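Asks: below are the sequence and a predicted model for it; my questions follow.
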Amino acid sequence: MRTDPPVHWAAHARRPVVVATVAIVAAVAMLAGCTSSPPSLNAPEGDVTETTTPSPPDPAELAAEVVGRLSDEELVGQVLMPSVSLASDPEDAAALVREYRLGGVVVMGNVEQQRGGSATHVRALTDAMREAAAEFGAEPGIPNLLTATDQEYGWVTRSTSGMVQLPSAMAFGAAARPDLTEAAWRGAGGELLAAGINVDFAPDADVLGPPNNYVIGSRSYGSDPAVAAEQVAAAVRGLQSAGVAATIKHFPGHGKTSVNSHVALPVLSQSREELERHDLFPFRAGIDAGAWLVMSGHLDVRALDRGVPASFSSDVLIDLLRDELGFTGVVVSDALNMEPARRWPPGEAAVRALVAGNDLLLMPPNLAAARKGLLDGLADGSLPRERLREAVLRVLTLKFRLAAFDAPDPSRVDLPENWEAARAVAAAAVTVLAGSCSGPLVGDRVRITTSAGRSQQASWLAEALAAHGITAGADGDVVHLVGYGDGSSDLSARAAVTVAMDTPYVLASARSPVRIATYSSTEVAMQALADVLAGAAPAPGRSPVAVNGLPDSACAG
């Protein structure tokens, strides 16, 4: 374990500010894609026809203008992203933004459990904070506070009703339809923006590997790097076309671990060649698709920087991510209140994370101590001013990019067209891993059984089956639902059909003649399941992970 301050960034000190700034400006200019036409040369003198189309302001140039006018306190504030609870009073949240001159916040908590549970409440909270952020920073000012959340869908979802619910990442992997993926994420992104969220910590770019990874699980698109790559790229395009910045995570890959990085430091033992061939593939695809953020993972990548979390390693974040993969956007650390980041006091951890190559520091365990550590680092030289200014330049460039998108009215959520996009993915994902592929898979009466806490899914399935003339009651073919956290002890020996609503691994232990994976437990997943059980729709999905003793599909051609 390193005990001395990280010094790798200093070795690059001639490059970061100048070259990174040029790279960002060039990238934004390419994205703008606007040109100006000269005046007509045939117009009579004194009567020139104006045909010039003004180019939109360059976000990187605007950011560079602002950076030079910020105080030390404002520079430091721009790289801090603490959490704000959905239960917070908007005025209190705004006061926090003012006090620390914050560059961003991550909104935490379950929407349904807080203050009415609506997108309108979330928008009121984020609007109050955004108005507070506009009060500081010299003209033209600091635009558009970054308001983030981790709405991955599946079992990492902050809003579970009142807004469209997409299937889990693994369901998208089973469907393997990037066109549907992009459309679904575009709709979901629009609803997030309507609620005031402009940064989503999604999609998850981790590729699963054996043994079964229950830490990431259905948050991943699967174990095939190529499938994951095309899904990550499609999700990035969809989100960002709606005005929400996508964040690919957890760099350089959390998929081959069995340790939860919230509680300990996972070790990645694969070789550099294996990382390139497997783990890095979706990250490259996400970067090529234009992802505006990458989240660094608390991972001990032995082939790159043994014993040092990747989130604190310049070997990983500068040499690999910046220099080799060519990423020019914002690097946000995984939460600094997680155990691997607590080996240092909050102030020291903040300095180390920034010097290593992060641009945004997510959820420091003590916000005041983190700010003080950064200000002290500027004073004593342990935090080079050029490194801080480089980070703030990237953060402000992202803000100016996002400022070009107008947030929809908060009523523009829960839209039918977005649910249709989600339903198309759910239908394409349903996979029969064992059993018949034609005709109804159950009779006209079924009994739906579940483990504890699945009554909503049972109700949705019963309602959807009723539309096909199939009655759910106390007798009939047993359809048993298993979900997130369930194992082989939650299986039913009497089930005619066992349905895995999360990862499909548990189906290897089931004894049902029919075994189906939906990978999700949303309402549209239950509707798609009902269509397959009734014989009204095929099951076109393929399991994106290997299930012991079963094919990836018993039905897909």
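Replies: Looks like it arrived, so ask away.

Asks: now the helices for the stretch 251-400 of the chain?
Replies: 272-274, 281-288, 302-305, 314, 346-356, 367-380, 385-403 (DSSP state H, counting those that start in this stretch).

Asks: for the second one, buried residues please.
Replies: Neighbour counts over helix 281-288 (16 or more other Cβ atoms under 10 Å) mark Phe281, Pro282, Phe283, Arg284, Ala285, Gly286, Ile287 as buried. The way it works is simple: take the backbone N, C-alpha and C, and place the C-beta from them, glycine included.

Asks: that one packs against which elements?
Replies: Contacts defined by 3 or more Cβ pairs under 8 Å, 6 or more residues apart in numbering; DSSP states H and E place helix 281-288 against helix 225-241, strand 245-251, strand 293-296.

Asks: ok, 7 Å please
Replies: Counting contacts by 3 or more Cβ pairs under 7 Å, 6 or more residues apart in numbering; DSSP states H and E, helix 281-288 is packed against helix 225-241, strand 245-251.

Asks: the longest one now?
Replies: Under the contact definition 3+ Cβ pairs under 7 Å, 6+ apart, helix 385-403 sits against helix 16-32, helix 59-67, helix 72-78, strand 330-333, helix 346-356.

Asks: re the thing from before, need the helices of the stretch 251-400 of the chain in TSV with mean pLDDT and distance to Leu166, can you?
Replies: What follows is these, written out as TSV (pLDDT from 0 to 100; distance: least, Cβ to Cβ, whole Å):
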stretch	mean pLDDT	distance to Leu166
helix 272-274	94	31
helix 281-288	98	17
helix 302-305	95	33
helix 314	97	35
helix 346-356	97	31
helix 367-380	98	32
helix 385-403	97	21
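
Asks: hey, which of these is tucked in deepest?
Replies: helix 346-356 (a mean of 25; mean count of other Cβ atoms under 10 Å).

Asks: tilt between that helix and helix 385-403?
Replies: If you take axes from the mean of the first three to the mean of the last three Cα atoms, to 10 degrees, helix 346-356 sits at 80 degrees to helix 385-403.

Asks: tilt between helix 346-356 and helix 367-380?
Replies: Taking the same axes, to 10 degrees, one finds helix 346-356 and helix 367-380 inclined to each other by 60 degrees.

Asks: and the helices and strands packed on helix 385-403, which one is worst for confidence?
Replies: Mean pLDDT is lowest for helix 16-32 among the helices and strands packed on helix 385-403, at a mean of 36.

Asks: quick one: low-confidence parts of the stretch 51-200 of the chain?
Replies: The model of the stretch 51-200 of the chain has pLDDT under 70 over residues 51-53, 110-117, 137-141.

Asks: quick one: contacts for Gly238?
Replies: Neighbour list for Gly238: Thr181, Glu182, Ala183, Ala184, Trp185, Arg186, Gly189 [criterion: Cβ atoms under 7 Å, 6 or more residues apart in numbering].

Asks: 8 Å instead?
Replies: By Cβ atoms under 8 Å, 6 or more residues apart in numbering, Gly238 lies in contact with Thr181, Glu182, Ala183, Ala184, Trp185, Arg186, Gly187, Ala188, Gly189.

Asks: only the buried subset of those residues, as a ChimeraX command please.
Replies: Restricted to buried positions by 16+ other Cβ under 10 Å, the ChimeraX selection for these reads:
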select :181,182,183,184,185,186,187,188,189
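
Asks: and the contacts of Gly238, which is closest to Leu393?
Replies: Using Cβ to Cβ, Gly189 is the member of these that lies nearest Leu393, at 25.1 Å.

Asks: can you tell me the element the closest one falls in?
Replies: helix 178-194 (DSSP states H and E).

Asks: what is that helix packed up against?
Replies: Against helix 178-194 (3+ Cβ pairs under 8 Å, 6+ apart) you get helix 119-133, helix 169-175, helix 225-241, helix 416-429.

Asks: send me it as CSV with only the CA atoms.
Replies: In CSV, the C-alpha atoms belonging to helix 178-194 read as follows (Å, rounded to 0.1, in the frame of the first residue of the first chain):
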residue,chain,number,x,y,z
PRO,A,178,-29.2,-2.1,-29.8
ASP,A,179,-31.8,-0.2,-31.7
LEU,A,180,-34.4,-1.0,-29.0
THR,A,181,-31.8,-0.1,-26.4
GLU,A,182,-31.1,3.3,-27.8
ALA,A,183,-34.8,4.1,-28.1
ALA,A,184,-35.6,3.0,-24.6
TRP,A,185,-32.8,5.0,-23.0
ARG,A,186,-33.7,8.1,-25.0
GLY,A,187,-37.2,7.9,-23.6
ALA,A,188,-35.9,7.3,-20.1
GLY,A,189,-33.4,10.1,-20.4
GLY,A,190,-36.1,12.5,-21.4
GLU,A,191,-38.0,11.6,-18.2
LEU,A,192,-35.0,12.0,-16.0
LEU,A,193,-34.3,15.4,-17.5
ALA,A,194,-38.0,16.4,-16.8
